[in-house]
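Chemist: please find the sequence and the predicted model below.
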2 protein chains.
Amino acid sequence: MTRYKLTMAYDGTEFSGFQRQPKQRTVQGVLEKALFKMTKGQPVTVHGSGRTDAGVHALGQVIHFDYPGNIPAENMLKALNSLMPLDTEILDSEIVTEAFHARFNTTGKRYFYRVSRSYYTNPFTRHYTGHYAYPLDLGRIQTALEDVKGTHDFTSFAASGGVIKDKVRTIYDATLLDVPAQNEIQLEFYGNGFLYNMVRIMVATLLEIGNGRRDVHDFLRLYEVKDRQQARGTAPASGLYLKKVYY
Amino acid sequence: MTRYKLTMAYDGTEFSGFQRQPKQRTVQGVLEKALFKMTKGQPVTVHGSGRTDAGVHALGQVIHFDYPGNIPAENMLKALNSLMPLDTEILDSEIVTEAFHARFNTTGKRYFYRVSRSYYTNPFTRHYTGHYAYPLDLGRIQTALEDVKGTHDFTSFAASGGVIKDKVRTIYDATLLDVPAQNEIQLEFYGNGFLYNMVRIMVATLLEIGNGRRDVHDFLRLYEVKDRQQARGTAPASGLYLKKVYY
C-alpha cells in the first residue's frame, strides 16, 4: 500500500458535490471509479479535505488514498488525468506517509466567491459566478469584512444539518477584489475551518450589507444572536471555489 | 408589423447550433418559442446573420424578425431576456425598416478563436476553448497570418456540404493575441464573409504551421490546390466565437 496525496481542480457544475452518493455523479465517485480501473478491480477509498456541494468548484481540493502498489507520483497524476473526465484535473501528486490524512490534518482553507454584477445573467459565466444585480457600496463591504476577520461563533452562518457542535472558527483573512473589467467582485476567505454553507451565507449577508439592506456592522449582531434564520440568504453554489487547503 | 434588429450573445455548449431543427435545442428555436409566447400564439420567423454550429459561441450574433405589434425596442430586449434561457442574452435591440435583413445586408463578420495551450484540458475552459498541447512557434503563426489577409480562393478551407459556389473571400484582418496568464492564444479574423467551417479549418492549419508540421507559407499552396483534403483538420467548435457582424 502506498499513500498518495493529490491536489485537484474540478468544475462542479455537473457534479452532485464531492461526496460519493448512490446513483449520483460525484467527484469522489469518479475518482474511485478511475482507481478501480487502475487496480483492476480492487476498491480504493478516497478521502477529501472536506465535501463541496453540488455546483461548487475546486481549484485546489486535496485528497488522499491508499493504493495497492507503488507507482511514481508523477505516473499516478498522468494515469488519473487520462482516466478521469474532462471536468476534473489532477494538478499535483505526491507520495506521503500514513501520518497524512486529507481531512484530519488540515490547518486551514481558502475559498473565494465570484459575484457577477451584470444586470442580466452572463451566458458564459452563469455556472461560474453568483449574481447580484442590485447596487453595491463596496466600501460598506470592506468595512464589514473587518468584522468577519478574527475568532467568532459562526452559528448564525451555519446551515442546519451540520453535526459539528463547536461553531467557533477563526478567519485569518477576508478580502474584496473589484474586477470592473469582468463586471464582478470576488470575495476571498482564509480561515482555520468553515461550517456547512458558511461562505455562501456570509457572501449573501455581505451583499445585503453592500446594498444597504443591513447595518454595516450586522455581523457583530449576528455573532451574538446565534440564529441561522437571521442571516437568511445563501449565495448560489456556482460562485464558490475551494481555492487552497493548508496542512 | 414592426421589424426588430437584435444583437445577442449565447453560450453554444448546450445548443445544436443556431438554425432551427426538429427536436433539437437551437438558438433560433428558443428565440421563436419566446416570441410565440409574446404574441400569444402567432408564429414569428427569426433570421440570423448566419448559422453557427453546435458548440460555437456568439458574443454579437445579429438577428431580425417582424413582430405583430409595436413595442419599444428596449421593452423587446427586456421581454426576451426574461423569457429566454440563461445561456442566451439579448445585448441590444433596435427597430429597423424593412430594408434591413440580418443575413443579406451583412458586409463583414469578425470571429475569434481561443486555443488553450495547457497540457491537460482545463476543467473550467473545456467548453470555451479549443486545445493544443504541442509546442507552438508564435512567430510562424504571425508570418502565416500575413498570408491569410487579402483576397483568396478559400476552397481548401471550406467544409464539404456548403452550397455556395464562389469560394473567394477577403480577409481584412487576421491577428494573434498571446495570453500567457491564461495559457492560451487567441486568433481573430475579420473578413467580408466566411465559408462553412472556414475559421475552424484555418485555425487547425495555423496550429500545424506553428508546430512546424507544415511549411510557414502553406496557405499559399492551399489556395492554389483548392483541395479540402489537404487542409485536413478542423479545430473544435468550443473555441469559436462569432464576435461581431457588420452592416
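Modeler: Structure's in. What do you need? Here the structure is a predicted model, which means the values were calculated and not measured.

Chemist: okay, CA-based contacts and neighbour counts for the rest of this
Modeler: Fine.

Chemist: how near is A:N192 to A:S16?
Modeler: According to C-alpha to C-alpha, to the nearest Å, A:N192 stands 25 Å off from A:S16.

Chemist: of those two, who's got more company?
Modeler: Set side by side, A:N192 and A:S16 show more neighbours around A:S16, with 20 against 17, by other C-alpha atoms under 10 Å in any protein chain shown.

Chemist: so where do the strands sit in chain A?
Modeler: A:2-10, A:47-48, A:57-67, A:88-96, A:108-116, A:130-131, A:150-153, A:168-179, A:184-191, A:240-246 (DSSP state E).

Chemist: helices or strands up against the longest helix along chain A?
Modeler: When chain A is parsed with DSSP state H, its longest helix is helix A:198-211. Packed against helix A:198-211 by the contact rule (3 or more C-alpha pairs under 8 Å, 6 or more residues apart in numbering or on different chains; DSSP states H and E) you find helix A:138-148.

Chemist: so which elements touch the helix it packs on?
Modeler: Checking 3+ C-alpha pairs under 8 Å, 6+ apart, helix A:138-148 ends up next to strand A:168-179, helix A:198-211, helix A:218-225.

Chemist: deepest in the core, which of the ones you listed is it.
Modeler: helix A:198-211 (a mean of 23; mean count of other C-alpha atoms under 10 Å in any protein chain shown).

Chemist: angle of it against helix A:218-225?
Modeler: Helix A:198-211 and helix A:218-225 are oriented at 130 degrees to each other (axes from the mean of the first three to the mean of the last three C-alpha atoms, to 10 degrees).

Chemist: mean confidence for helix A:198-211?
Modeler: Mean per-residue pLDDT for helix A:198-211: 97.

Chemist: any idea how far B:P236 is from A:E74?
Modeler: Taken as C-alpha to C-alpha, the span from A:E74 to B:P236 is 29 Å.

Chemist: and for A:K167?
Modeler: Relative to B:P236, and taking C-alpha to C-alpha, A:K167 is found at 49 Å.

Chemist: of the two, who's got more company?
Modeler: Set A:K167 next to B:P236 and count neighbours by other C-alpha under 10 Å: B:P236 wins out with 20 against 17.

Chemist: wait, what's in contact with A:Y241?
Modeler: A:V56, A:H57, A:A58, A:L59, A:Y111, A:F112, A:Y113 (C-alpha atoms under 8 Å, 6 or more residues apart in numbering or on different chains).

Chemist: let's see it at 6 Å
Modeler: By C-alpha atoms under 6 Å, 6 or more residues apart in numbering or on different chains, the contact list for A:Y241 reads A:H57, A:A58, A:Y111, A:F112.

Chemist: A:R51 too?
Modeler: A:R51 makes contact with A:F18, A:Q19, according to C-alpha under 6 Å, 6+ apart.

Chemist: quick check: the gap between the residue of chain A positioned farthest from its centre and A:P68.
Modeler: Within chain A, the residue lying farthest from the chain centre (C-alpha atoms, centre = their mean) is A:K40, at 31.9 Å. Using C-alpha to C-alpha, A:K40 is found at 11 Å from A:P68.

Chemist: got it, and A:A231?
Modeler: Computed as C-alpha to C-alpha, the A:A231 to A:P68 distance reads 47 Å.

Chemist: more neighbours, those two?
Modeler: Taking other C-alpha under 10 Å, A:A231 and A:P68 do not tie; A:A231 has more neighbours (20 against 14).

Chemist: and the more buried one, how far from chain B?
Modeler: Look at A:A231 and chain B: by C-alpha to the nearest C-alpha, to the nearest Å, they are 28 Å apart.

Chemist: A:F189 now?
Modeler: A:F189 sits 21 Å away from chain B, taking C-alpha to the nearest C-alpha as the criterion.

Chemist: need the per-residue pLDDT for that residue.
Modeler: Turning to A:F189, the model gives it a pLDDT of 98.

Chemist: before we move on, what about the one 5 residues further on?
Modeler: Looking at A:F194, its pLDDT reads 95.

Chemist: residues contacting it?
Modeler: Applying C-alpha under 6 Å, 6+ apart, no residues contact A:F194.

Chemist: for stretch A:128-141, buried residues please.
Modeler: Buried residues in stretch A:128-141, counted by 16 or more other C-alpha atoms under 10 Å in any protein chain shown: A:Y128, A:T129, A:G130, A:H131, A:Y132, A:L136, A:L138, A:R140, A:I141.
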